[in-house]
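J.: Build me a model:
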Amino acid sequence: MRAGDLRHPIVIQHQTTQQDPVTGEVVTAWVEFARVWAAVDPLSARDLIAAQASQSQASGRITIRYRPGVLPTMRVLHRGQIFIIIGQPLPDRNSGLEYLTLVVATGVNDG
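T.: Okay, the predicted model is just below:
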């Protein structure tokens, strides 16, 4: 993958629980896991038709340089839009350590 393809800044977030210092209530919040450069590709018309046929909610692919710890329970922020990660991140075919492809869907994932 060429560096020029990774031209979109994204934020990967994970959900955590925190205790409110005033009330003592336990609340969940999304916090930043990583801020990285990515290739953001919406699915083609053919891919969308195939996704709808299989009852999938996939709406695009996000490719980032390999980063350990990225999980399907996380979400991605790109240009103010929230993307949920569908399934396990897919490693590259060669070494599995160059880049990860995240299959994503748009929508709010508040947990």
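
J.: Show the pLDDT at the closest residue to Y66 other than its chain neighbours.
T.: Distances taken as C-beta to C-beta, 6 or more residues apart in numbering place L97 nearest to Y66, at 4.9 Å, with adjacent residues excluded. Placement of C-beta: from N, CA and C, glycine included. pLDDT for L97: 91.

J.: Please tell me I have it right and L97 contacts R65.
T.: No. Using C-beta atoms under 8 Å, L97 is not in contact with R65; the gap is 9.6 Å.

J.: higher neighbour count, the two?
T.: R65 (15 against 11; other C-beta atoms under 10 Å).

J.: what pairs with that one across the strands?
T.: Y99 (DSSP bridges).

J.: residues contacting it?
T.: By C-beta atoms under 8 Å, 6 or more residues apart in numbering, the residues touching R65 are 1, 6, 36-37, 98-100.

J.: if you set the cut-off to 10 Å instead, what comes out?
T.: R65 makes contact with 1, 3, 6, 36-38, 92, 97-100, according to C-beta atoms under 10 Å, 6 or more residues apart in numbering.
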